[in-house]
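**Q** Output the structure for:
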Amino acid sequence: MTIKLRESIRRRPGHRSAPPELSIVVVFYNMEREGPRTLLSLIPPFQRNVDEIDYEIIGIEHGSSSPVPVPDDPELNERLRLIRYETAPVSPVKAINDAVRNECRGRYVMVYIDGARIGSSHLVSQTLKSCRSVTNPFVATLSWHLGPDVQMQSVKQGYSQLVEDEILERIDWYNHPEGLFGESVLAGSCRFGYFHPIAESNAFTLERERFLSIGGYMEGFASPGGGLANLEIFSRIVEQSDTNTITLIGDGTFHQYHGGAATSDESYFDAAQPEHIEVTGRDYRFPRYDTLYRARFTRESQHFLQTSMDALSATGGKERE
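**A** Prediction:
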């Protein structure tokens with residue numbers, strides 16, 4: 001699709017009187033190509049069933065040399081505030097914490113630590129339904145990598161931004177969002193599918209006050225991309241006894257290839273372990289938790305349900321170590 005851009009980027013001058021129900025925090029770092037798609041995927045008409053939902057988008061330009069070109073769209077103009085955050089650390093965790101504390105007005109906060117991820121078509125509506133259904137909600141989403149394999153592998157076989165652009169154009173992703181499932185694979189953090197615990201979520205949601213009460217991200221994670229900060233906060237929240245975790249089936253995020261630290265380097269996890277030990281005092285370990293599910297089934301995504309069932313059968317329902 002052709003994206004019409006605004007002539008200038010400016011912060012929305014004022015707030016509506018009533019706070020929105022949801023604030024979506026998205027971090028961008030040199031994502032001129034990926035950022036506009038991510039932003040368009042978070043608003044209607046791409047987002048379905050959100051007519052009765054009031055939400056805002058807080059975009060954080062975290063040390064980018066060039067800002068995200070913002071699509072000229074009335075819905076986006078109304079919802080988006082784009083903030084340039086200049087900070088010495090290359091990790092985005094402090095910027096996210098500050099945005100949740102000082103910029104977000106919603107009762108619930110959805111956090112995108114990586115702004116290169118296209119959201120699925122019912123991500124917002126399914127998330128809000130989940131949040132409203134329980135106390136102390138934590139809504140977790142699975143992640144997909146665009147392309148024939150996880151991107152740290154597919155790039156070795158010639159996958160590139162150009163190839164990805166051709167795929168997205170061919171499937172007409174904006175008008176046919178379910179086609180994204182046919183051109184992607186589950187990320188390594190959730191490679192066993194829906195019915196095994198996952199390691200992290202790249203679009204998780206919880207109450208803003210709860211995020212602040214637990215201290216948000218641990219700001220000792222100073223590595224590019226945050227190191228294992230996203231895994232750490234996921235484990236910390238889902239393992240709390242009063243957390244009601246809900247995992248979405250059939251909705252999540254699709255990672256666009258941009259040469260990011262965590263999705264380009266196979267050794268990223270091992271290299272990040274020492275920092276995790278330094279910050280938390282222990283090795284990273286896979287979380288153990290119970291979850292409820294909210295499901296949305298489509299023809300295009302049903303093969304991931306079968307993959308998940310096969311993985312569950314292969315392990316006899318046992319948790320991964």
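**Q** can you give me the end-to-end distance of stretch 128-145?
**A** Counting by Cα to Cα, to the nearest Å, you get 24 Å between the two ends of stretch 128-145.
**Q** Now do the buried residues in it.
**A** For stretch 128-145, a neighbour-count test (16 or more other Cβ atoms under 10 Å) marks 128-131, 137-145 as buried. All C-beta atoms are positioned from the backbone trio N, CA, C, and that covers glycine.
**Q** Could you pull up the mean pLDDT of stretch 170-189?
**A** The pLDDT scores in stretch 170-189 average 97.
**Q** And the contacts of it?
**A** 1, 37, 40-41, 46, 118, 120-121, 142-150, 167-168, 193, 198-200, 231, 254-255, 263, 298-301, 303-304, 307 (Cβ atoms under 8 Å, 6 or more residues apart in numbering).
**Q** all helices of the protein, in order?
**A** Along the chain, counting by DSSP state H, helices occupy 34-41, 74-79, 93-102, 123-133, 151-154, 161-171, 208-213, 229-238, 261-264, 268-280, 302-315.
**Q** Minimum distance to S223: which of those helices has it?
**A** helix 268-280 (5.7 Å; Cβ to Cβ).
**Q** Which elements pack onto that closest one?
**A** The helices and strands touching helix 268-280, judged by 3 or more Cβ pairs under 8 Å, 6 or more residues apart in numbering; DSSP states H and E, are helix 229-238.
**Q** mind putting the buried residues of stretch 128-145 in a markdown table, distance to L80 and pLDDT included?
**A** What follows is the buried residues of stretch 128-145, written out as a markdown table (distance: Cβ to Cβ, whole Å; pLDDT from 0 to 100):
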| residue | distance to L80 | pLDDT |
| --- | --- | --- |
| L128 | 18 | 98 |
| K129 | 23 | 98 |
| S130 | 24 | 98 |
| C131 | 21 | 98 |
| P137 | 25 | 98 |
| F138 | 25 | 98 |
| V139 | 22 | 98 |
| A140 | 25 | 98 |
| T141 | 21 | 98 |
| L142 | 25 | 98 |
| S143 | 23 | 98 |
| W144 | 24 | 98 |
| H145 | 26 | 98 |
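**Q** Just put those in a markdown table and tack on distance to D172.
**A** As requested, these are exported to a markdown table (distance: Cβ to Cβ, whole Å):
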| residue | distance to D172 |
| --- | --- |
| L128 | 27 |
| K129 | 27 |
| S130 | 29 |
| C131 | 31 |
| P137 | 34 |
| F138 | 34 |
| V139 | 28 |
| A140 | 29 |
| T141 | 23 |
| L142 | 23 |
| S143 | 22 |
| W144 | 18 |
| H145 | 20 |
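**Q** what residue ranges in the protein are flagged as low confidence?
**A** Within the chain, the stretches with pLDDT under 70 are 1-17, 87-88, 260-266, 316-321.
**Q** quick one on the thing from earlier: can you say which of the contacts of stretch 170-189 are buried?
**A** Here, 16+ other Cβ under 10 Å leaves 37, 40-41, 46, 118, 120-121, 142-148, 150, 167-168, 193, 198-200, 231, 254-255, 263, 300-301, 304, 307 buried among the contacts of stretch 170-189.
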